[in-house]
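In: Here's a sequence, model it:
(chains A and B)
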Number of protein chains: 2
Amino acid sequence: MSRIAYFGPQGTFTEQAALGFVHAGRDELVPFATVPQALAAVREGDTEAACVPVENSVEGAVPATMDALAEGEPLVAVAESVLAVRFSVLVRPDTEVVRTVASHPHALAQVRHWLAEHLPDATAVSTTSTAAAAVAVQRGEFDAAVSAPVAINHYPLRELATGVADVADAKTRFLLLRRPGALPEPTGADRTSLVVTTADRVGVLAELLTELALRGISLTRIESRPTKGRLGEYRFYIDLLGHVAEPRVGDALAALHRHCRQARFLGSYPQAEPAVSGDLVAASNEDFIAAADWVASVRQGAGA
Amino acid sequence: MSRIAYFGPQGTFTEQAALGFVHAGRDELVPFATVPQALAAVREGDTEAACVPVENSVEGAVPATMDALAEGEPLVAVAESVLAVRFSVLVRPDTEVVRTVASHPHALAQVRHWLAEHLPDATAVSTTSTAAAAVAVQRGEFDAAVSAPVAINHYPLRELATGVADVADAKTRFLLLRRPGALPEPTGADRTSLVVTTADRVGVLAELLTELALRGISLTRIESRPTKGRLGEYRFYIDLLGHVAEPRVGDALAALHRHCRQARFLGSYPQAEPAVSGDLVAASNEDFIAAADWVASVRQGAGA
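Out: Purely as a prediction, here's the structure:
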């Protein structure tokens, strides 16, 4: 039985994502109150892995995740999960009139139009998580909760509506993190995450991204964050398509390492929703292997 | 009397930032429950301006702000404010023992070490905002609230501690937004914000940033966000040093406009904490004016 930490409480989108990583009968999910606590659990060996949100989270913990991954003992992502942000509206079985609707403020913001159309007279009330709203409805404090679909598994409530979302294709992304070890095998549709720290100098980010572009590597995400406590430094979170085991990706990471004060590898793992990669211009993995072979043979006096 | 909307409730860091934008006796602050509601108020002319967090917010509303600025009727920032994230711990005047400490989960995460040292036996309880924690303490629901310093102005509480923060230099940035109109005058230490949408193509961001680097322009922030509902597109939020009225910045923005499907100007405004700009390499404003004069004279047959 291996334990997997997740950013709780039970009944949130993060639990729903964590369930997707679980092997039935073999893994046990353990909720933690904050992202740093979930990451501390895996760092300290209390759990085998941790599932946390990294992008566009409904419950709003994303900056906490990124900062916690950039500092402290290294952790490496071995899998990702992308969930559609679609809510269930839960009520007690005997509820007939909905006067109050509770949820995390970010969730309420994402169903504003739906509420205006379907429950125009209900007052929206903020709670600390979507799951806390379900608990409060169960206790009779509010009439309805806007919750992750998985919440219905934990509370004896009734689904007044499902698939609720103002924007049909909003998504949240989660990572499964472990202590460093063997990497997942390349699948041909992988993503690599890293965080790099650079001097604050005009053009430094243009240089980094040109190194990637020259190797035909697609970025899927970039975000700058101020580094805590060190002036004149910038930190960038970068997701790109490809696996560090690929020659062109390894070569690109080596180039970033040369340009940066610090580079931390955050994992190469299969894409949850394989992306169409851009056209490669003289930068396929075969091109890289052939070019390295050519330089090696030139150096040995065996080619020209 | 002009009305200024802000992301409330009363007693949060956003109110504290908004107070810095107010002209005493001339402006009135009006709290709104969400960032989109505060922005809607200024868009619809209900208020003259809106103050919202954009970076590293304690209350966690930043993605909401960025998305709400990228879509809907344009708004333009005319001022920014940077607040140190230092909390006050508030208790009722007669409190002697602190058994429970309440705050927004992000605030609790930022004072974890302080709590472990000074209130090791207190249980941490999450509330929807730092101000909601102060209200709950006033009502007797909890013993202490971790709040923005401004909260003491609204609630009859006592400061058990002030200047509380695990990380001494954590900061939150706020913008004051208005409907488009006359821009603030350049001060020599300005920042320009914009959001651009590009095709999803290898190297497109490297091209944009190279256009900025070649003009000696310092980035202070970049963040990618998926565009809602359109596949194969990326949106970037970019902050850079300089004012659009400067020749080199105007020239750079024109270059970005040429590379992007859509470019939206989010304002040029004085930096709250003037940054040291990087070295300019053949890209000062004087260089730009001289170069344009030269091309114009060449075109007229008057130079060579």
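
In: and the closest residue to A:C260 other than its chain neighbours, what pLDDT?
Out: Nearest non-adjacent residue to A:C260, counting by CB to CB, 6 or more residues apart in numbering or on different chains: A:V196, 4.3 Å away. All C-beta atoms are positioned from the backbone trio N, CA, C, and that covers glycine. We have a pLDDT of 92 for A:V196.

In: Now A:F21. Its backbone dihedrals?
Out: Torsion angles at A:F21 (phi, psi; degrees, to the nearest 10) stand at phi -90, psi -10.

In: picking that back up, for the residue nearest to A:C260, which residues count as its bridge partners?
Out: With DSSP bridges as the criterion, A:V196 is bridged to A:F236, A:A263.

In: now the host helix or strand of A:S224: how far from the chain's centre is it?
Out: Using DSSP states H and E, A:S224 sits in strand A:219-226. Centroid separation for strand A:219-226 versus its chain: 13 Å, with CA atoms, centre = their mean, to the nearest Å.

In: Stretch A:288-296 now?
Out: Offset of stretch A:288-296 from its chain centre (CA atoms, centre = their mean): 36 Å.

In: Kindly provide the distance from the residue nearest to A:C260 to A:V204.
Out: Going from A:V196 to A:V204 by CB to CB, to the nearest Å gives 10 Å.

In: what do these two both touch?
Out: A:H259 (CB atoms under 8 Å, 6 or more residues apart in numbering or on different chains).

In: who touches the residue nearest to A:C260 in this structure?
Out: Each residue near A:V196 by CB under 8 Å, 6+ apart is listed here: A:208, A:235-236, A:238, A:256, A:259-260, A:262-264.

In: in chain A, what spans have low per-residue confidence?
Out: Applying pLDDT under 70 to chain A flags residues A:60-61, A:228-232, A:276-283, A:301, A:303-304.

In: Longest helix in it, by number of residues?
Out: Longest helix of chain A, by residue count under DSSP state H: helix A:285-299.

In: Mind giving me the packing neighbours of that helix?
Out: Applying 3 or more CB pairs under 8 Å, 6 or more residues apart in numbering or on different chains; DSSP states H and E, we find helix A:285-299 packed against helix A:247-259.

In: can you pull the buried residues of the helix it packs on?
Out: A:247-253, A:255-256, A:259 (16 or more other CB atoms under 10 Å in any protein chain shown).

In: out of those, which touch chain B?
Out: By CB under 8 Å from any CB of the partner chain, no member of those lies near chain B.

In: residue ranges of the strands in chain A, please?
Out: A:2-7, A:27-32, A:49-55, A:76-84, A:87-91, A:100-103, A:123-126, A:144-147, A:158-164, A:171-178, A:190-199, A:219-226, A:233-241, A:262-270 (DSSP state E).

In: So which of these is nearest B:P63?
Out: Set against B:P63 and scored by CB to CB, the strands of chain A come closest in strand A:49-55, at 9.2 Å.

In: okay, the angle between that closest one and strand A:233-241?
Out: 100 degrees (axes from the mean of the first three to the mean of the last three CA atoms, to 10 degrees).

In: could you say what helices and strands strand A:49-55 packs with?
Out: Packed next to strand A:49-55, using 3+ CB pairs under 8 Å, 6+ apart, are strand A:2-7, helix A:13-21, helix A:35-43, helix A:62-70, strand A:171-178.

In: one more time with 6 Å
Out: The contact analysis (3 or more CB pairs under 6 Å, 6 or more residues apart in numbering or on different chains; DSSP states H and E) places strand A:49-55 against strand A:2-7, helix A:13-21, helix A:35-43, strand A:171-178.

In: partner strands of it, parallel or antiparallel?
Out: Strand A:49-55 pairs in its sheet with strand A:2-7 (parallel), strand A:171-178 (antiparallel), by DSSP bridges.

In: Looking at those strands, which is nearest to A:Q138?
Out: Between A:Q138 and these, the tightest spacing by CB to CB is seen for strand A:2-7, at 21.2 Å.

In: residues in the stretch 201-304 of chain A within reach of chain B, list them.
Out: With CB under 6 Å from any CB of the partner chain as the criterion, the stretch 201-304 of chain A meets chain B at residues A:201-203, A:205-206, A:209-210, A:213, A:216, A:218, A:221-224, A:228-229, A:278.

In: which ones are touching the spatially closest residue to A:N153 that is not a sequence neighbour?
Out: Sequence neighbours aside, A:G11 is the residue nearest to A:N153 in space, at 7.4 Å (criterion: CB to CB, 6+ apart). Taking CB atoms under 6 Å, 6 or more residues apart in numbering or on different chains, we find A:G11 in contact with A:131, A:134, A:150-151, A:154.

In: List just the nearest of those to B:V78.
Out: Distances from B:V78 to these, taken by CB to CB, are shortest for A:A131, at 40.0 Å.

In: The closest one reaches A:E15, doesn't it?
Out: No. Here A:A131 does not reach A:E15: they are 7.9 Å apart, not a contact under CB atoms under 6 Å.

In: okay, those two: which has more neighbours?
Out: A:A131 (28 against 22; other CB atoms under 10 Å in any protein chain shown).

In: I'm done for today, thanks for sticking with me.
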